[in-house]
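Q: Okay, here's the prediction I keep looking at, along with the sequence it came from:
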Amino acid sequence: MSVSGSGELNAESGAYGSTIGASRANNVASKREIYRRLNESFRKRYLHRFGRGVGFCAEFIHVLKAVAKCLDLRIQFCLQSGVSPEGFAVQWGWTDYFEPLFPEIMVPRVAAVLNRVHLPLGRVPLLKSLSRTCLKAACDCSYFVFDEFGLHPPARLSVPALGLGDDYWHNMQALTRLLWTHNAQATQAVAAYRAAGQLRSAYNAVHVRRGDKKDEAGIHHLQAYVDAIRRLNSNIHQIFVATDDSRIIDPLRNSLGSDYVVHSNSDSDVDRGYDQTKFNFAPISFRRERTLRFFADVEVLYLANHFIGASTSNVFNLVQYMRANKNITDVARS
């Protein structure tokens, strides 16, 4: 895959959150209002539960794909409120970090727990049917999380007002821009974290996942990332590394040698391999701070000249959508 200058990427693709310029921000705000009105015009409704205690990127991508599916089927995307959020979601769920965009529907607690990806005893048809009946009576929605709207987003869309058409990657990038709009408090925090770690000249970026990913999907040897960096046809020798395990930084730096300058915002006292279960039980203040720092890293990954990661990690998949699959190397497929 060819490599272009970081200035070209920024000018062509715009930026996210705290990186966005005034004209781009106005355009995103306008598109968000168009989306809001369009979404609320649909009669049938899908109810999504956000903040279920899994990884942020998995949940964000689920929203992204479900939003695309709902647009395609002309179904209103709604968020479920009144359920105690878990993991990165510390109080309200979506609006802990992002500006409101979707209608929110309160569901009685007895029925609320039924809106989940995995039902008890698996996807037993009778149990799924009973859950749907109970939820429909409680909130007048037709579709729910267990309907798997987030599995297969449409390959193409026809929504000219939002600039959505036949290009899948462009569509997903455009929708990601609409969603990735932080609220004022999160914007300020992410901007500060990103400013502290953003490189001032052209750089390539790497994301290396460790921690509980080893048990979920396996991890890739560090040499795969080193080889991918060296294969880039680029005179850029600054490398930004985002990782959940700071112990890989020095080995990566040593493997690359003196030709490269490796930077990272990882905290050696905290980043020792991400574990979702442990994270979910951490204090709220810790979970919020780590999530905001993570957002800053994601934006730095997005702004890189070239991005290297593994598609076995949802961090890679989110950045891939942000970049519309441009200037990316997937070590899982190399």
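A: Received the coordinates, thanks. These numbers come from a predicted model, not from an experiment. Residues are numbered from 1 along each chain as shown.
Q: which residues does residue 240 contact?
A: Residues counted as contacts of residue 240 (Cβ atoms under 8 Å, 6 or more residues apart in numbering) are 197, 199, 203-206, 263-264, 300-301, 304. Every residue, glycine included, has its C-beta placed from N, CA and C.
Q: Let's see that with 10 Å instead.
A: 197-199, 203-207, 261-265, 297, 300-301, 303-304, 307 (Cβ atoms under 10 Å, 6 or more residues apart in numbering).
Q: So what sits opposite the residue lying closest to residue 304 once chain neighbours are set aside in the bridge?
A: Using Cβ to Cβ, 6 or more residues apart in numbering and skipping residues adjacent in sequence, the residue nearest residue 304 is residue 205, 3.4 Å away. Taking DSSP bridges as the rule, residue 205 bridges to residue 240, residue 307.
Q: Residue 205 against residue 232, yeah?
A: No. Look at residue 205 against residue 232 with Cβ atoms under 10 Å: they stay out of range, at 11.3 Å.
Q: Compare these two (neighbour count), which wins?
A: residue 205 (23 against 17; other Cβ atoms under 10 Å).
Q: Contacts only, for that one.
A: When contacts are counted by Cβ under 10 Å, 6+ apart, residue 205 touches 199, 238-242, 263, 297, 300-309, 319.
Q: Give me the local confidence score for the spatially most central residue of the chain.
A: Centroid check for the chain by Cα atoms, centre = their mean gives residue 57 as the closest residue, at 3.8 Å. Note for residue 57: predicted pLDDT of 95.
Q: distance of it from residue 224?
A: 20 Å (Cβ to Cβ, to the nearest Å).
Q: next one: residue 251
A: In terms of Cβ to Cβ, residue 251 sits 13 Å off from residue 224.
Q: what does residue 152 give?
A: Residue 152 sits 29 Å away from residue 224, going by Cβ to Cβ.
Q: So if I had to pick from the two, which one is more boxed in?
A: Legend: neighbour count by other Cβ under 10 Å for residue 152 and residue 224, higher for residue 224 (17 against 10).
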